[in-house]
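# Provided below for reference: sequence and predicted model.
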Amino acid sequence: MRARLCIDAAVGETRRALLDQEGQAFRLDVERWSERGKRARLDDVWWGRVHARMPGNRGWFVDLGLTRDAVVEPTRAAAVIEGAMLAFRVKSEAWADKGAVLSLADMSSSVAAPAKVGLHRPAAEDPFLRGVDVIETLEGLTARREIEDAIDHATGATVVLPGGGDIAIEVTRGLAAIDVDAGMRVGEQDAGAFALNLNLAAAHEAARHISLRSVAGLLAVDFVRMEARRDQRAVVERFRQALAQHLGRTSEVLELSPLGLCEAAIARRVRPLVDALAAPPDEREALDALREIESVGMSARAGRIHARLSTGAREWLERGVIDWQGALADRIGSRWTFEATEGRAGRPEVWSA
């Protein structure tokens, strides 16, 4: 799939997006500076120590030196025993309250295991770009605006469809549900053609948003009712192909059930977008403030930049959790001033004068 790559390497947080040839975002990646080297990313290889069986013999808990244990699923390898130091590849990133899922990595017998757990090597190929032919790379304020629009689009409850109608996306602990609604859509007078065209548009947008939001696990799509079997098959095939195109891999998609539901199983690989954005409140506000200060500084080349933020966010910056001051000064000069306000973390205010 041909796409444009947007990179927003802001002070404190790097965001990336992939845009299709219509300018629509279909993948997002977010990494805060504070978590660099502190989370297991897809296809990374880590040294880990096996330390306990999972309940029900469903695998083993593995210590990677991170805040949460990873797990390796049941394996016949004799090497997986309690206390063993082994090389693992990350099959699925941690999300919500679940640790990363691992598999045994191919490692030469000549490579000696280290004394401590930790990262051995990052992924040889960037999983974010898998299945994509990058035709252009955008950076700076242009990329920042594209990514901010994509995040706003990806965090909404409903998605408006071309030509009218919408889909509603709801993710629960057990599964994700997508409902297709015609709304005020105006189209063909023939009811069969109307439902088919609405569902074809919904299948494409649903697949794009599954990729954009990194939705995974069991999925149920409630398409508008269609009587003709050929129309039902056409919609399912459109959904199946669109998923493969946007995710860069195939997924299991079943034919419509007697109740009109399309069920699918989306393999989990990367953490959901909501998890990637869910920094602690003080850190989230501080990072937003740094990004806005940088944006204002790049637009207004002269004058002081003022930022009003909560006391907690300012204290987070002052603790020096990340080395932001030198990086920000290199980009816009040391010309910012903070004003702290009482209250819980929220949206910072930034302006130039």
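Great, that's in hand.

# okay, CA-based contacts and neighbour counts for the rest of this
OK.

# show me what contacts Val235?
Contacts here follow C-alpha atoms under 8 Å, 6 or more residues apart in numbering; on that basis Val235 touches 196, 199-200, 203.

# and it, that's in a helix?
Yes. Counting by DSSP: H, G, I helix; E, B strand; the rest coil, Val235 falls inside a helix.

# returning to what we had before: out of the contacts of Val235, which is nearest to Gly260?
For those, the minimum distance to Gly260 (C-alpha to C-alpha) is 11.6 Å, reached by Asn199.

# residues in contact with that closest one?
Contact analysis of Asn199 by C-alpha under 8 Å, 6+ apart lists 180, 223-224, 235.

# Just name the closest of those residues to Arg335, please.
Val180 (49.9 Å).

# That closest one looks like it's in a strand, true?
Yes. Judged by three-state DSSP, Val180 forms part of a strand.

# and for stretch 108-127, what are the contacting residues?
With contact meaning C-alpha under 8 Å, 6+ apart, stretch 108-127 is reached by 37, 41-49, 63-65, 85-87.

# re the thing from before, okay if I get the contacts of Val235 as CSV plus pLDDT, distance to Gly59 and secondary structure?
Shown next, in CSV, are the contacts of Val235 (pLDDT from 0 to 100; distance: C-alpha to C-alpha, whole Å; DSSP: H, G, I helix; E, B strand; the rest coil):
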residue, pLDDT, distance to Gly59, secondary structure
Leu196, 95, 45, helix
Asn199, 97, 41, helix
Leu200, 97, 41, helix
Ala203, 98, 36, helix
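
# who wins for neighbours among those residues?
Asn199 (31 neighbours; other C-alpha atoms under 10 Å).

# next one: phi and psi at the nearest residue to Ala244 once chain neighbours are set aside?
Leaving aside its sequence neighbours, Ala244 sits nearest to Thr250 (C-alpha to C-alpha, 6 or more residues apart in numbering; 4.8 Å). The phi/psi pair for Thr250 (degrees, to the nearest 10) reads phi -80, psi 150.

# mind listing what Thr250 touches?
Applying C-alpha under 8 Å, 6+ apart, we find Thr250 in contact with 240, 243-244.

# same thing but 10 Å
Shown in contact with Thr250 (C-alpha atoms under 10 Å, 6 or more residues apart in numbering): 240-244, 266-267.

# Tell me how far it lies from Leu243.
7 Å (C-alpha to C-alpha, to the nearest Å).

# overlap in contacts of the two?
Common neighbours of Thr250 and Leu243 (C-alpha under 10 Å, 6+ apart) are Ile266.

# any idea of the mean pLDDT in the helix or strand containing Gln245?
Using DSSP states H and E, Gln245 sits in helix 229-247. What helix 229-247 shows for mean pLDDT is 97.
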